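Asks: Structure, please.
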Amino acid sequence: MNDVVRNVIIIGSGPAGYTAGLYTARALLEPLMFAGYMSGGQLMLTSDIENFPGYPEGIGGPEMMLQLREQSERFGLEVHDKNVERVDFSEQPFKVWVEGQLFLSKSVIICTGAESIWLGAEGEEEQKGRGISTCATCDGAFFRDEEVLVIGGGDSAMEEATFLTRFASKVTIIHRRDVFKASKVMYERALNNPKIEIKTFKNIKKWLSDENGIVGAILQDPRDNSEEEISCTGAFIAIGHKPITQFLENQVQTDESGYIVPSIHTMTNVPGVFAAGDVVDTRYRQAITAAGMGCQAAIDAEKWIEDQY
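Replies: Predicted structure coming up:
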């Protein structure tokens, strides 16, 4: 056990975590971050970021995360690429266990993010970021005048498909049933778009690719297992996200999907425990909004520590 009680422990990294680290470090709170084994979060899977202000040429996701990390470390953020196993928020100081070691802290900022749910189809792993994406807002512009697929049947699938028609020459929505979870207005908007075709009773059995990335997919009908081939140079999986909150074991208030519900500003229902980024955000899910929330959580934590101690 480590007897030192830290001012703030940040769990998770990404734009929210590193920005929280930058602000708490500059406030001389000597923050400690457990970035996770996959430090940098979802942006590590994004090849090019073109919509973050200040990068006129765009920047790679991993490169941006490295820069954010270096910037916050320069001001004193201590980073460990380790996963938090469990926490105890029942009393002060809070307890955080990392690989069997116990750490104590006056406050905690949770920035563990959310992960996209992938299909897990054959050939998918190799083509993540090489044509297969889970964010049309991030990557849609790379598919100008190309044919793309969107997989899913909810509002986010309809929204992604409609958004992609700005760039792609054709968008095909692939859905495993003929019943859609999407709201009527979103479904009809997609249905009535001349660039969108909807294929029902289809699963992705296998992704087809060459040295440049994906070139198509084999679709399978779940009713009779019949197969057909479809060509595309891009695919967007929109079957949902899941927040990374299991390790909290319901110690902070979450919604039915597991997203943390803030209580006052970025503070959770546990005083001294704050949350920022995609672990809270079910609406925007952008690097810049996550960074902004990281800043807010850091300022909230700093003020809270001032008031308490």
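Asks: which residues of the stretch 51-200 of the chain fall in strands?
Replies: 78-80, 84-88, 94-98, 101-110, 114-116, 132-133, 147-151, 170-174, 196-199 (DSSP state E, counting those that start in this stretch).
Asks: Ok, which of these comes nearest T282?
Replies: T282 sits nearest to strand 114-116 of all the strands of the stretch 51-200 of the chain, at 8.4 Å, using Cβ to Cβ. From N, CA and C alone the C-beta is placed, and that goes for glycine too.
Asks: what are the pairing partners of the closest one, and which direction each?
Replies: The pairing partners recorded for strand 114-116 under DSSP bridges are strand 241-243 (antiparallel).
Asks: Turn the strands of the stretch 51-200 of the chain into JSON lines, columns for distance to E57 and mean pLDDT.
Replies: JSON lines is the format used below for those (distance: least, Cβ to Cβ, whole Å; pLDDT from 0 to 100):
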{"stretch": "strand 78-80", "distance to E57": "27", "mean pLDDT": "98"}
{"stretch": "strand 84-88", "distance to E57": "36", "mean pLDDT": "97"}
{"stretch": "strand 94-98", "distance to E57": "37", "mean pLDDT": "98"}
{"stretch": "strand 101-110", "distance to E57": "31", "mean pLDDT": "98"}
{"stretch": "strand 114-116", "distance to E57": "26", "mean pLDDT": "88"}
{"stretch": "strand 132-133", "distance to E57": "20", "mean pLDDT": "94"}
{"stretch": "strand 147-151", "distance to E57": "24", "mean pLDDT": "98"}
{"stretch": "strand 170-174", "distance to E57": "28", "mean pLDDT": "98"}
{"stretch": "strand 196-199", "distance to E57": "32", "mean pLDDT": "98"}
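Asks: nearest to P271, of those strands?
Replies: Taking those one by one with Cβ to Cβ, strand 101-110 is closest: 9.2 Å.
Asks: so where is the stretch 1-150 of the chain shaky, pLDDT-wise?
Replies: Applying pLDDT under 70 to the stretch 1-150 of the chain flags residues 1, 45, 47.
Asks: Tell me where it has helices.
Replies: All helices of the stretch 1-150 of the chain, identified by DSSP state H, counting those that start in this stretch, fall at 14-26, 61-74, 124-127, 136-139.
Asks: Can you name the helix or strand that L219 falls in?
Replies: Using DSSP states H and E, L219 falls within strand 213-220.
Asks: Check which residues of that strand are buried.
Replies: For strand 213-220, burial by neighbour count (16 or more other Cβ atoms under 10 Å) applies to G213, I214, G216, A217, I218, L219, Q220.
Asks: least trustworthy position among those, going by pLDDT?
Replies: Lowest-confidence member of these: G213, scoring 92 (pLDDT).
Asks: which residues sit in contact with it?
Replies: Applying Cβ atoms under 8 Å, 6 or more residues apart in numbering, we find G213 in contact with Q127, R130, G131, T233.
Asks: okay, now the domains of this protein?
Replies: 5-115+241-308, 118-237 (automatic domain parsing).
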